[in-house]
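Chemist: Got a predicted structure plus its sequence, pasted below:
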Amino acid sequence: MPRSLKVHLQYIEKVKLAVKQNGFARQVDLAEDLGLARSTVSNFLNGKPVDYLNFYEITQRLNLDLQTIADFEDNSLNSEISISDEPIQSSLSSPSNTEISNYINRSSIESDCYKTLIKPGSLIRIKAPKLMGKTALLNDILNYGQQNNYQTVYINLQLADGTISQDLNKFLRWFCAVVCQQLKLTNKLSEYWEEDLGSNYNCKIYFEQYILPKINIALVLGLDDLDRIFSSSQIASDFLGLLRVFHDEAKSYPIWQKLRLAIAHATEVYIPLNINQSPFNVGVPIELVELTFEEVQEFAQKQGLNLQTAEIEQLINLVGGHPYLLQRAFYRLVRQEISVVELCRKATTESGIYCNHLRGHLLNLQQYPELEAALGEVVRSSDAVNLNPKLAYQLKSLGLVKYQGNNVVPSCELYRQYFEQYLEVK
């Protein structure tokens, strides 16, 4: 295995797209999240050599398959990795472990998704807070579709900019155009879009009379970060109702049976929807919850770690069963940079492994005083707190709180300790 790796030329556009697909507006945001130099991330995204371990970490954060995108045939990258890197090398040597992300196998989730996907007109609904592995599971579903020779389209709704996401007609035209672009179909919106028919009807007709007839096999449409539209009640109501229509039409019309929907969101939609117009009470619901002790143990072993029971308990006491926070810990432990005891002791400090992650949450909260105050109340209380439902939804979508009945508590001790220090009493 080479000491350095670079992205193969044919995958450079794919990795650049993955930055935005995983919620990073800029390269610098990704660098700060990972605690890496900006130049390292820039080199990775532009097909230049970077240290093997940095290459590995970036691929994990972007839910990319290292074995697929790396240029292993470049003879200038032939030096062997050092002995201290062997745990990661061994964890990647088995074909079954070529990609370790925030999402790991959880009981029958994958099989439920696969069984659903092959059914005509199916709908899969994935719900989990940020960084719990929704995008990785969604990609897994799309990959399964490709293995079955289905057409696949992935759309992260975060890519709909402000002007588009506030105007229903612009949003639905953008949605149709993106689907066509990914399917390599000519954009014919001008031929099918009739102003007097209304945006929802136009969108339905465009799929029914143009997109779906153009493909001879099933189409899996993956929609990530559906929460992006929740802040605009009109767009959310109409678009979610349209998705429900897409799903329902398959019951009566064969053309719509080609379409399989997989949607991912962090919270329940907090705007009122007619029960017969909502996509959230049909299809197969998939909720990603925290990992159990046994799953954490398996997760560690997949990354080359053989932790003692007491060490796993220490980590769970700090970050719960949060996949992303555990992955960050495992990465440092694999590199033998820190012990579990030291990691836990420094966790909420500026020298801790979570400093950039925590600081990013803090800066984000400071832009929204209501959310900041609400979380401050939660972390300073010894009991579960009853919050305004919308604020509770938003904090849960960020992964900062979890529900106990109708009330909320910090999602883990790491967040309680950190934000108790840094959020001012209002």
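Modeler: Cool, the structure landed. The shown structure was predicted, so the numbers you read here are calculated from the model rather than taken from an experiment.
Chemist: quick one, phi/psi of the closest residue to His8 other than its chain neighbours?
Modeler: Distances taken as CB to CB, 6 or more residues apart in numbering place Asp71 nearest to His8, at 4.1 Å, with adjacent residues excluded. Where you see a C-beta, it was placed from the backbone N, CA and C, and this is true even at glycine. Main-chain dihedrals, Asp71, degrees, to the nearest 10: phi -90, psi 90.
Chemist: so what pLDDT did the closest residue to Lys251 other than its chain neighbours get?
Modeler: Closest residue in space to Lys251, ignoring its immediate chain neighbours: Gly121 at 6.9 Å, by CB to CB, 6+ apart. Gly121 is assigned a pLDDT of 95 by the prediction.
Chemist: Surely Gly121 and Ala250 touch.
Modeler: Yes - contact criterion CB atoms under 8 Å: Gly121 and Ala250 qualify, at 2.3 Å.
Chemist: Mutual contacts of these two, please.
Modeler: Jointly contacting Gly121 and Ala250 under the rule CB atoms under 8 Å, 6 or more residues apart in numbering are 256-257, 259.
Chemist: and which of those is nearest Gln314?
Modeler: The shortest approach to Gln314 among the shared contacts of Gly121 and Ala250 belongs to Leu259, at 47.0 Å (CB to CB).
Chemist: Top of the shared contacts of Gly121 and Ala250 by number of neighbours, please.
Modeler: Neighbours here mean other CB atoms under 10 Å. Within the shared contacts of Gly121 and Ala250, the largest count is held by Leu259, at 23 neighbours.
Chemist: And the pLDDT for it?
Modeler: 97.
Chemist: Please list all residues in contact with it.
Modeler: 121, 207, 212, 218-219, 221, 246, 250.
Chemist: could I get stretch 18-34 in CSV with only the CA atoms?
Modeler: Only the C-alpha atoms of stretch 18-34 are listed here, as CSV (Å, rounded to 0.1, in the frame of the first residue of the first chain):
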residue,chain,number,x,y,z
ALA,A,18,-19.4,14.8,-2.8
VAL,A,19,-18.3,17.8,-0.9
LYS,A,20,-21.6,19.6,-1.4
GLN,A,21,-23.6,16.4,-1.2
ASN,A,22,-22.3,15.9,2.3
GLY,A,23,-23.3,19.4,3.5
PHE,A,24,-20.0,21.4,3.1
ALA,A,25,-20.5,24.7,1.2
ARG,A,26,-16.8,25.2,0.8
GLN,A,27,-13.6,23.2,0.8
VAL,A,28,-12.4,25.1,3.9
ASP,A,29,-15.5,23.9,5.8
LEU,A,30,-14.5,20.3,5.1
ALA,A,31,-10.9,21.0,6.1
GLU,A,32,-12.0,22.5,9.4
ASP,A,33,-14.4,19.7,10.1
LEU,A,34,-11.6,17.2,9.7
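Chemist: Check the offset of that stretch from the chain's centre.
Modeler: For stretch 18-34, the gap between its own C-alpha mean and the chain's C-alpha mean amounts to 12 Å (CA atoms, centre = their mean, to the nearest Å).
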